[in-house]
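In: curious how this folds, go ahead:
(one chain, ligands or ions: 1)
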Amino acid sequence: MTQEARKHIVPREDNVGILNSSREDTGREKPMKDPTTFLEKRALQLHLQEECLSRRKILGLLSLVGAGMVLAPGAAIGQGVTKGPQIIDTHHHIFPPKFTTRNLKQILGDSPFPTSFYANWSPRNSLEQMDQSGVATAIGSITDPGVWFGDNEEGRKNARDCNEYGAKLIQDFPGRFGMWGAIPLPDADGSLREIEYVYDVLKLDGIGLLTSYDNGKLLGHSNFAPVMEELNRRKAVVFVHPTVSCCAMPIGHVNRTSIDFPTDTTRTIADLVYSGTLMRFPNIRWIFSHGGGTILMLISRLAGARMTPEERAARIPNGLEPELAKLYYDIASVAVNPAAMAAVFKAIPKDHILYGSDVPFWTVEKIATAMNKFEISASDLRKIQRENALQLLPRWKT
Ligand SMILES: [Zn+2]
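Out: Now for the predicted structure:
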């Protein structure tokens with residue numbers, strides 16, 4: 001392997017010391033720290049897969065892959081999935097190269113993964129997994145921490161770069177990728193402008209939001225009302241991804257995302273319900289990640305929220321559960337947890353459950369395998385794999 005090729009696949013930096021770089025610059029093997037947590041194991045697994053793939057197949061393409069450039073549509077991988085369930089993956093992360101390079105420090109903030117995990121991502125990484133596990137189409141999204149890091153102009157530029165990259169993916173690999181457009185909340189004016197561009201120019205699939213912004217402002221916050229009003233006007237499909245909130249309490253040995261991602265999802269759903277935002281903007285179709293976080297475990301506790309009879313009649317006229325059942329939920333990460341899936345199947349109508357892989361943090365194969373063990377009818381499985389997504393995203397029907 002040439003030095004140039006190795007440069008693209010070997011992590012040179014390691015923000016948390018998980019991989020500790022498996023090779024030194026000399027190319028000699030170096031002992032790895034034993035992985036213990038899921039994320040550590042996943043990081044190691046991905047690293048080994050990456051090395052294996054590079055040796056087998058892509059020596060000559062590494063400079064392209066390492067740079068995260070879109071490969072020519074004629075490449076062998078990514079030609080399309082013509083058999084099987086034709087899964088639509090609504091929770092699938094992409095890392096646009098310009099945006100990622102410019103914002104690595106923020107992206108690495110709470111991540112246990114090394115720089116190379118993000119900087120070396122390419123469409124090929126996604127497509128190979130999709131092809132192997134029957135995923136026809138993946139709707140790309142920008143994961144936590146989003147695109148706004150305190151400066152409105154930078155946030156607007158980040159959102160634009162991500163969205164234009166997503167539009168190019170859609171164009172370069174017809175039928176394989178969609179995109180939840182990124183907007184620079186909490187910058188409401190910039191977000192409104194980007195929503196217009198996402199819908200009227202790029203024609204992406206909907207909007208991707210985080211559960212909270214700017215020191216814990218949840219999605220029902222009054223600052224975001226103009227944006228919600230516009231999303232409601234456009235009957236937007238909104239994919240909500242968790243973030244680590246301002247107030248996440250660190251716990252030794254536990255990655256902050258493990259607890260605070262599902263917790264912040266719960267907070268923002270509760271806020272949308274009890275602030276009256278869901279009722280005020282009923283045309284927005286909401287998708288929440290990871291089975292809705294912990295919300296299903298808290299239904300009885302949340303049902304007792306302090307409200308006047310008038311407020312209760314306006315916001316949860318039939319109780320909390322019917323409001324939760326109006327939302328959509330993906331099965332990323334919870335698919336492998338039978339107890340969590342039991343709650344999802346009990347509380348959520350089968351036609352509001354969506355397939356989500358959370359690639360590259362989980363593998364498509366892991367979620368697809370778990371899904372095939374669900375004790376549900378073949379027609380319900382089909383809904384989760386594809387048909388429910390088509391209700392929200394009819395353009396993928398062909
Ligand atoms: Zn995710």
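In: tell me how far F177 lies from the ion.
Out: Distance, F177 to the ion, by C-beta to the ion, to the nearest Å: 16 Å. Heads up, the C-betas are built off the backbone N, CA and C, glycines and all.
In: low-confidence stretches in the protein?
Out: Applying pLDDT under 70 to the chain flags the ranges 1-82, 248.
In: give me the residue from it nearest the ion.
Out: Nearest residue of the chain to the ion, counting by C-beta to the ion: D358, 4.3 Å away.
In: close to the ion: what parts of the stretch 1-150 of the chain are there?
Out: With C-beta under 5 Å from the ion as the criterion, the stretch 1-150 of the chain meets the ion at residues T143.
In: for the residue of the chain closest to the ion, list the residues it contacts.
Out: Each residue near D358 by C-beta atoms under 8 Å, 6 or more residues apart in numbering is listed here: 91-93, 289-290, 332-333, 367.
In: return the member of those residues nearest to P85.
Out: Nearest to P85 out of those is I367 (C-beta to C-beta; 12.4 Å).
In: coming back round to it: mind checking which of the contacts of D358 are in helices?
Out: Members of the contacts of D358 lying in helices (criterion: DSSP state H): I367.
In: what's the closest non-adjacent residue to the residue nearest to the spatial centre of the chain?
Out: The centroid of the chain falls nearest to H91 when counting by C-alpha atoms, centre = their mean (4.3 Å). Closest residue in space to H91, ignoring its immediate chain neighbours: G356 at 2.9 Å, by C-beta to C-beta, 6 or more residues apart in numbering.
In: hmm, the residue nearest to the centre of the chain is touching Y328, no?
Out: No. Applying C-beta atoms under 8 Å, one finds H91 not in contact with Y328, separated by 11.1 Å.
In: and for these two, which residues touch both?
Out: Contact criterion C-beta under 8 Å, 6+ apart; residues bridging H91 and Y328 by contacting each: L354.
In: is G190 part of a helix or strand, or is it coil?
Out: helix (DSSP: H, G, I helix; E, B strand; the rest coil).
In: verify the stated contact: it with R156.
Out: Yes. If you go by C-beta under 8 Å, G190 and R156 touch, sitting 4.4 Å apart.
In: list the residues that contact both of the two?
Out: Counting by C-beta under 8 Å, 6+ apart, the residues touching both G190 and R156 are P184.
In: how close does A378 sit to I367?
Out: 18 Å (C-beta to C-beta, to the nearest Å).
In: compare the two (neighbour count), which wins?
Out: A count of neighbours by other C-beta atoms under 10 Å puts I367 above the other of A378 and I367, at 27 against 7.
In: tell me the contacts of the more buried one?
Out: By C-beta under 8 Å, 6+ apart, the contact list for I367 reads 331-332, 335-336, 355-358.
In: ok, now L296?
Out: L296 sits in contact with 324, 343-344, 346-348, where contact means C-beta under 8 Å, 6+ apart.
In: near the ion, anything from stretch 323-335?
Out: No. Using C-beta under 5 Å from the ion, stretch 323-335 never reaches the ion; the gap is at least 6.1 Å.
In: ok, and what's touching that stretch?
Out: Stretch 323-335 has contacts (C-beta under 8 Å, 6+ apart) with 90-91, 269, 273, 278, 285-292, 295-296, 299, 315-316, 340-341, 344, 347-349, 352-358, 362, 367, 370-371, 384, 388, 392.
In: check stretch 222-238 too.
Out: Contacts for stretch 222-238 (C-beta under 8 Å, 6+ apart): 183, 185-186, 188, 191-192, 195, 199, 205-209, 213, 217, 219, 277, 280-287, 392-393.
In: one more: stretch 163-180?
Out: 70-73, 78, 80, 94, 96-99, 123, 126-127, 130, 136-142, 181-182, 194, 197-198, 202-208, 239, 393, 396.
In: how long is it end to end?
Out: End-to-end distance for stretch 163-180: 8 Å, by C-alpha to C-alpha, to the nearest Å.
In: can you give me how far it is from the chain middle?
Out: Distance of stretch 163-180 from its chain centroid, counting by C-alpha atoms, centre = their mean, to the nearest Å, is 15 Å.
In: mind listing what's buried along that stretch?
Out: 163-170, 172-173, 176-180 (16 or more other C-beta atoms under 10 Å).
In: okay, now the closest residue to A368 other than its chain neighbours: neighbour count?
Out: In this structure, A368 finds its nearest non-sequential neighbour in S133, 4.3 Å apart by C-beta to C-beta, 6+ apart. With neighbours defined by other C-beta under 10 Å, the count for S133 comes to 22.
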